[in-house]
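Q: Sequence and predicted structure are below.
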Amino acid sequence: MNMDTREHWERVYRAKKPTEVSWYAVHLGTSLRMIEAAARKDASIIDVGGGESTLVDDLLDRGYQHLTVLDLSATALDVARARLANRARRVEWLCGDVTSFPFAPHRYDVWHDRAVFHFLTAPNDRAAYVRQVARAVKPGGHVIVATFGPDGPTKCSGLDVMRYGADALHDEFGAEFRLLEHLTEVHHTPTGATQQFTYCYCKVAS
């Protein structure tokens, strides 16, 4: 990703309220269920592209203690920090590009991404992302990635996106990531439209 991409997302988050973006959901029920299946309360969890998402609020409510949120947009992270008020101090906030961020090796027990991977339309960016996951997640850790499904949108926020069925999404990651569960979910946007998402829940080889 480049500075133009970063500035694009800054404009999006400056122009719209958190409840106005198409991917907004009050609660990410599927993500929460998968995280709770994967992780104890003391697990180290990163939400990639978390931005303004309420997932971090819900994880704090459930007693998770070691949470990290990464986003390309400083504006989005500022919104989440302001919403959480004093609780924001219990979260590590990272601003940067997921494909190049200097993650500490084997830092996280759970990697969660809802709707970042499908913006990576260039094969080299997708390969870099997968390398980052392999570097950042502990052996035996879990990876939860959701993208637009085969019948999902072809664009989002003015950008082209990739669409995946479960097999195609898992193939991007390879045999090192053992598929535990996959499902298709229909997301209802704030404007009343529907978007198909594909979730893949994997375990990293030990």
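A: Sure thing, it's come through.
Q: Could you use CA atoms for every contact and neighbour count after this?
A: Noted.
Q: and the helix or strand of the chain with the lowest mean pLDDT, how far from the chain's centre?
A: In the chain, no helix or strand scores lower on mean pLDDT, DSSP states H and E than helix 3-15, which sits at a mean of 83. Helix 3-15 sits 17 Å away from the centroid of its parent chain (CA atoms, centre = their mean, to the nearest Å).
Q: other SSEs contacting that helix?
A: helix 74-84 (3 or more CA pairs under 8 Å, 6 or more residues apart in numbering; DSSP states H and E).
Q: quick one: the helix it packs on to chain centroid distance?
A: 16 Å.
Q: Can you name the secondary structure element that comes next after it?
A: Using DSSP states H and E, the next helix or strand after helix 74-84 towards the C-terminus is strand 91-95.
Q: Mind listing the strands the very next helix or strand once past that next one pairs with, and their directions?
A: Using DSSP H and E, the helix or strand that follows strand 91-95 in sequence is strand 108-114. Applying DSSP bridges, strand 108-114 is found paired with strand 44-48 (parallel), strand 137-148 (parallel).
Q: closest to residue 166 out of those?
A: strand 137-148 (9.5 Å; CA to CA).
Q: which residues sit against that closest one?
A: 31, 34-35, 38, 105-118, 162-164, 195-206 (CA atoms under 8 Å, 6 or more residues apart in numbering).
Q: If you count neighbours, what's buried in the host helix or strand of residue 130?
A: Residue 130 is part of helix 123-136 when elements are defined by DSSP H and E. For helix 123-136, burial by neighbour count (16 or more other CA atoms under 10 Å) applies to 125-126, 129-130, 132-136.
Q: Throw those into TSV and include distance to residue 171 and pLDDT, thanks.
A: Shown next, in TSV, are these (distance: CA to CA, whole Å; pLDDT from 0 to 100):
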residue	distance to residue 171	pLDDT
125	15	97
126	11	98
129	14	98
130	11	98
132	16	98
133	14	98
134	15	97
135	18	97
136	19	98
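Q: Identify the farthest-apart pair in the residues you listed.
A: Largest pairwise distance in the buried residues of helix 123-136, by CA to CA, is 16.3 Å, between 125 and 136.
Q: Would you check how far apart the residue of the chain most remote from its centre and residue 80 are?
A: Within the chain, the residue lying farthest from the chain centre (CA atoms, centre = their mean) is residue 86, at 23.5 Å. As judged by CA to CA, to the nearest Å, residue 86 and residue 80 stand 11 Å apart.
Q: Where does pLDDT dip in the protein?
A: Applying pLDDT under 70 to the chain picks out residues 1-3.
Q: and the spatially most central residue of it, what are its bridge partners?
A: Here the mean C-alpha position of the chain is nearest to the C-alpha of residue 113 (CA atoms, centre = their mean), at a distance of 1.9 Å. Residue 113 has these beta-bridge partners by DSSP bridges: residue 48, residue 145.
Q: check contacts around residue 206.
A: If you count contacts by CA under 8 Å, 6+ apart, residue 206 has them with 139-140.
Q: What residues does the residue lying closest to residue 159 once chain neighbours are set aside make contact with?
A: Computed as CA to CA, 6 or more residues apart in numbering, the closest residue to residue 159 that is not its neighbour in sequence is residue 119, at 7.5 Å. Residue 119 makes contact with 159-162, according to CA under 8 Å, 6+ apart.
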